[in-house]
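Whatever this is, show me its structure:
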Amino acid sequence: MKRRSRAGEGPVKGRLGKTPQPKGRIAPKVQARAKLSPATEETKVARLTRELSEERKQRTATSEVLHQLSGSCGDLDGLFDTILTNATNLCQANFGALFLRDADAFRLVALHNAPPAYAEFRRREPLVRSRPLVRMAETKQLFQITDVRAYAASNPADKDVAAFAKLSGVRTVLAVPMLKGGEVVGAIVIYRQEVRPFNDREIELLRSFAAQAVIAIENARLLDELRQRTADLSQRTSDLTESLEQQTATSEVLQVISSSPGDIEPVFATMLKEAVRICDANSGGIYRVEGDAMRLVATHNVPPPYAEARRFSPFHPGPKHILGRLMRTKSVVQIADAATDPGYVERRPEMVAAVELGGVGTMLGVPMLSGERDGEERHRSGRRTHPHRAGHREGIGHVARGPTALARRAGGRRESDRFEIDVRTQ
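Have a look, this model is predicted:
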């Protein structure tokens with residue numbers, strides 16, 4: 001039985017549905033890659049090759065500066081030259097300058113490839129007070145002048161820039177401050193003799209060179225401090241060593257005194273040996289004062305001809321002779337170079353004998369005083385002409401006190417006897 005429609009119009013015909021088809025994935029549209037022309041490919045390769053070359057040059061320059069920093073030993077001039085040369089070349093500038101801050105100005109310390117006229121001008125006038133540099137010191141920011149001639153024309157009061165532009169032919173300038181602890185300590189400035197601004201890569205490169213220059217300055221400062229501390233420590237060590245040597249020498253002399261009561265000869269021998277040693281001398285002698293004459297009574301390492309000439313016959317030292325001066329003043333006397341002393345120049349026999357027979361160079365005489373009278377006096381000298389330090393004179397004084405005390409106790413010594421000790425360096 002057929003079904004009728006609701007309106008009674010007849011049987012309802014069945015509707016056949018469409019068979020569903022499985023949806024497939026829509027394949028993406030493939031866009032054809034644009035084919036580069038041979039000329040474009042060649043340009044790209046050239047650009048990459050240039051960038052690689054610049055990167056290698058930059059690494060080489062940085063390595064060179066770092067190597068020099070590690071072995072510079074405080075040689076700032078050489079480091080500044082290296083930094084400035086690399087900065088100028090890598091940034092494709094014509095020449096460059098490195099300045100250090102000097103109060104309210106900048107002092108030129110390095111110059112690379114500058115025009116001769118400008119180099120000579122800066123040699124005579126190393127201080128620069130141009131407005132751009134002064135403003136950079138205030139702002140602590142780099143500056144670039146694209147056209148120096150245009151800047152000079154619009155800033156006629158800035159005489160330094162006007163003179164600079166005329167001498168150097170510069171058109172474009174880039175200056176980067178050297179900053180240490182937030183303060184400007186200097187600047188690296190590079191120049192082009194054409195209107196061509198420096199790009200960002202070149203600016204950053206110059207910043208890195210400025211940082212290296214600051215490191216060099218700080219390293220030099222630290223090295224100077226280390227050297228000063230080392231020198232101070234060495235001086236203190238030397239002073240302590242010298243003091244110990246003096247005390248040791250005095251102790252040895254006192255031991256001889258205690259073991260040889262009344263016998264002054266072994267005391268003189270020990271004293272001369274110690275005086276020569278602690279004073280870095282070559283030889284020495286002791287002279288007995290006999291009225292206004294001198295007689296050599298003890299020696300240490302004195303050349304035999306000179307010792308023989310002085311031992312057996314007293315001599316009368318003239319007023320210009322070191323012993324004559326010592327007798328008169330009763331104070332320490334030193335002659336830096338006996339060969340230039342007036343006594344030798346005038347060919348006085350005692351000085352001729354000292355220089356030509358004794359090989360004397362530098363001479364030092366120290367009186368040995370007992371109360372108001374002269375006691376033993378010592379005198380050292382030598383062909384080496386280096387003045388003796390105050391510590392040497394003090395050391396001789398310490399050594400001399402022992403024999404002076406013994407002389408007062410020695411039964412065979414007259415209170416009127418006086419002695420001179422002569423120590424020589426050859």
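
correct me, but M271 touches V253?
Yes. Contact between M271 and V253 holds when scored by C-beta atoms under 8 Å: they sit 5.3 Å apart. Placement of C-beta: from N, CA and C, glycine included.

Alpha carbons of the helix or strand where D81 lies, in CSV - could you do that?
Take DSSP states H and E as the rule and D81 turns out to sit in helix 76-90. These are the backbone C-alpha positions of helix 76-90, laid out as CSV (Å, rounded to 0.1, in the frame of the first residue of the first chain):
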residue,chain,number,x,y,z
LEU,A,76,101.6,52.6,26.3
ASP,A,77,103.1,54.3,23.3
GLY,A,78,103.5,51.0,21.4
LEU,A,79,100.0,49.9,22.4
PHE,A,80,98.4,53.1,21.4
ASP,A,81,100.1,53.0,18.0
THR,A,82,98.9,49.5,17.4
ILE,A,83,95.3,50.2,18.5
LEU,A,84,95.2,53.4,16.4
THR,A,85,96.7,51.7,13.3
ASN,A,86,94.2,48.9,13.4
ALA,A,87,91.2,51.2,14.1
THR,A,88,92.1,53.5,11.2
ASN,A,89,92.6,50.6,8.7
LEU,A,90,89.6,48.5,9.7
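
List the buried residues of it.
By 16 or more other C-beta atoms under 10 Å, the buried positions in helix 76-90 come out as L76, L79, F80, D81, T82, I83, L84, T85, N86, A87, T88, L90.

what does stretch 191-210 give?
Y191, R192, F198, E202, L205, L206, R207, S208, F209, A210.

residue contacts, the second one?
For R192, the residues meeting the contact criterion (C-beta atoms under 8 Å, 6 or more residues apart in numbering) are Q92, A93, N94, V170, R171, T172, V173, F198.

nearest residue to it other than its sequence neighbours?
Leaving out its chain neighbours, the residue that sits closest to R192 by C-beta to C-beta, 6 or more residues apart in numbering is T172, at 4.3 Å.

neighbours around that neighbour, how many?
Other residues near T172 number 20, with proximity taken as other C-beta atoms under 10 Å.

again with V345
Here the neighbour count serves as a burial measure; for V345 (other C-beta under 10 Å) it reads 11.

With the one 3 residues further on instead?
If you count neighbours by other C-beta under 10 Å, R348 ends up with 18.

That one contacts K320, doesn't it?
Yes. Assessed by C-beta under 8 Å, R348 is found in contact with K320 at 7.1 Å.

quick one: average pLDDT of the helix or strand hosting R123?
Here R123 sits within helix 116-124, counting by DSSP H and E. Mean pLDDT, taken over the full extent of helix 116-124, equals 91.

Same check on stretch 139-147?
When the per-residue pLDDT values of stretch 139-147 are averaged, the result is 95.

for it, which positions count as buried?
Judged by neighbour count using 16+ other C-beta under 10 Å, the buried positions of stretch 139-147 are L142, F143, I145, D147.

Which of the residues in stretch 315-325 are classified as buried?
Applying a neighbour-count criterion of 16+ other C-beta under 10 Å, the buried positions in stretch 315-325 are F315, P317, G318, K320, H321, I322, L323, G324, R325.

Can you lay out those as a markdown table showing distance to V355?
Converted to a markdown table, these look like this (distance: C-beta to C-beta, whole Å):
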| residue | distance to V355 |
| --- | --- |
| F315 | 15 |
| P317 | 14 |
| G318 | 15 |
| K320 | 14 |
| H321 | 12 |
| I322 | 12 |
| L323 | 14 |
| G324 | 16 |
| R325 | 17 |
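
Past the helix or strand containing S208, which element shows up next along the chain?
Here S208 is covered by helix 200-259, with elements defined by DSSP H and E. Sequence-wise, the next helix or strand downstream of helix 200-259 (DSSP H and E) is helix 265-278.

buried set for that following helix?
When neighbours are counted by 16+ other C-beta under 10 Å, the buried residues of helix 265-278 are found to be V267, F268, T270, M271, L272, K273, E274, A275, V276, R277, I278.

sec struct for M363, please.
Remark: M363 carries the secondary structure label strand [criterion: DSSP: H, G, I helix; E, B strand; the rest coil].

Quickly list what it is bridged to.
M363 forms beta bridges with I335, R424, as assigned by DSSP bridges.

wait, it sits on A354?
Yes. At 7.5 Å, M363 counts as touching A354 under the criterion of C-beta under 8 Å.

did I read that right, L98 in a helix?
No. Secondary structure of L98 (three-state DSSP): strand, not part of a helix.

Would you mind measuring from it to A187?
Between L98 and A187 the computed distance is 8 Å (C-beta to C-beta, to the nearest Å).

quick one, domains of this protein?
Under the assignment automatic domain parsing, the domains of the chain span 45-222, 247-425.

Out of these, which gets nearest to L240?
Evaluated over those, closeness to L240 peaks at domain 247-425, with 10.6 Å, by C-beta to C-beta.
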